[in-house]
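Q: can't give you the sequence, but here's the structure:
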């Protein structure tokens, strides 16, 4: 394993490499049970670092989270890659990213903002994720890459690299980052959703309603599942994520 692969594994991949067994599937961004450690928030068409930097700064100053990685997507925009120390259900990851969008990018047209992981609506249960960075974009012939915070703004006009980025340089950028631990993630989720609920300004642009405020993962997923304003496929994913908690009943209620 080279240094770049080691950093990607430390921050974003689910599971350790499969040792010497050639038949064992390599770790990816989505675990077999649909959980994820990598959360990706993108802003494109056009690339606008001034806008996305409010998220990058805000999660650190307002939510006290580690800085996410900054990437250019090789086509038309920027990405923020958040790292979790422990994987979470895709529905919970998506709800967190939507809460960030409402809080910091509420005045940006929703079609310019992308969030991953996402549920494939044509195949419920299938989780889509962003291509791992760095990668060659076949449509443009250019590369996506992680970039240092002090260099991010210079890619606003051309959010790509013309040549393959050095694996060693990419590893160096990632080596400065830390994972968000479970307690910090739950606290951030509670904080941002509570602020969104209390500030109607965040709902000026059409988008899903804020998610429940509980620190308890079970309560949070129940709130997602029971909120009719949330997209059906997200509610279905929340229901599936609740299955491990079900032992006859859930929080004193029947599963129906």
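A: Here it is on my side, so go on. All values derive from a computational prediction rather than experimental measurement. Residues are numbered from 1 along each chain as shown.

Q: in the stretch 51-200 of the chain, which spans are helices?
A: Listed in chain order, the helices of the stretch 51-200 of the chain (DSSP state H, counting those that start in this stretch) span residues 90-104, 167-175, 182-198.

Q: among the ones you listed, which is nearest residue 51?
A: Nearest to residue 51 among those is helix 90-104 (8.4 Å), distances taken as C-beta to C-beta. Where you see a C-beta, it was placed from the backbone N, CA and C, and this is true even at glycine.

Q: what angle sits between that closest one and helix 182-198?
A: Between the axis of helix 90-104 and that of helix 182-198 there is an angle of 50 degrees, by axes from the mean of the first three to the mean of the last three C-alpha atoms, to 10 degrees.

Q: next one: helix 90-104 to chain centre, how far?
A: On the basis of C-alpha atoms, centre = their mean, to the nearest Å, helix 90-104 is displaced by 8 Å from the centre of the chain it belongs to.

Q: Show me what it is packed against.
A: Other elements packing on helix 90-104 under the criterion 3 or more C-beta pairs under 8 Å, 6 or more residues apart in numbering; DSSP states H and E are strand 35-44, helix 49-61, strand 113-116, strand 118-119, helix 182-198, helix 217-226, helix 232-242.

Q: remind me which residues of the protein are low pLDDT?
A: Counting by pLDDT under 70, the low-confidence segments of the chain come to 1, 16-26, 121, 123-124, 197-256.

Q: go again using 80 as the cut-off
A: Counting by pLDDT under 80, the ranges of the chain that qualify are 1, 15-27, 120-125, 195-256.

Q: Mind checking which residue lies nearest the centre of it?
A: For the chain, the residue lying nearest the average C-alpha position, counting by C-alpha atoms, centre = their mean, turns out to be residue 39 (1.6 Å).

Q: The closest residue to that residue other than its chain neighbours: what's it in contact with?
A: Leaving out its chain neighbours, the residue that sits closest to residue 39 by C-beta to C-beta, 6 or more residues apart in numbering is residue 82, at 4.1 Å. Shown here is residue 82, whose contacts under the criterion C-beta atoms under 8 Å, 6 or more residues apart in numbering are 38-41, 59, 65, 68, 180.

Q: One more: residue 134?
A: Contacts of residue 134 were listed using C-beta under 8 Å, 6+ apart, and they are 143-146, 161, 164-165, 170.

Q: Spatially, which two of the residues you listed are the most separated?
A: In those, two members sit farther apart than any others by C-beta to C-beta. They are 146 and 164, at 13.0 Å.

Q: More neighbours: the two, which one.
A: Set side by side, residue 146 and residue 164 show more neighbours around residue 146, with 23 against 12, by other C-beta atoms under 10 Å.

Q: Please name the residues that touch that one.
A: 69-71, 81, 133-134, 165, 170, 173-174.

Q: ok, now how distant is it from residue 8?
A: Separation of residue 146 from residue 8 (C-beta to C-beta, to the nearest Å): 10 Å.

Q: Name the residues contacting each of the two.
A: Common neighbours of residue 146 and residue 8, using C-beta under 8 Å, 6+ apart, are residue 174.

Q: Tell me how many other residues surround residue 168.
A: For residue 168, the number of neighbouring residues by other C-beta under 10 Å comes to 10.

Q: ah, wrong one, I meant residue 151
A: The number of residues packed around residue 151, counting by other C-beta under 10 Å, is 11.

Q: mind starting the numbering at 16 from now?
A: All set: I'll call the first residue 16, so the last point we hit is now residue 166.

Q: Return the distance of it relative to residue 174.
A: Summarising the geometry, the distance separating residue 166 from residue 174, computed by C-beta to C-beta, is 12 Å.
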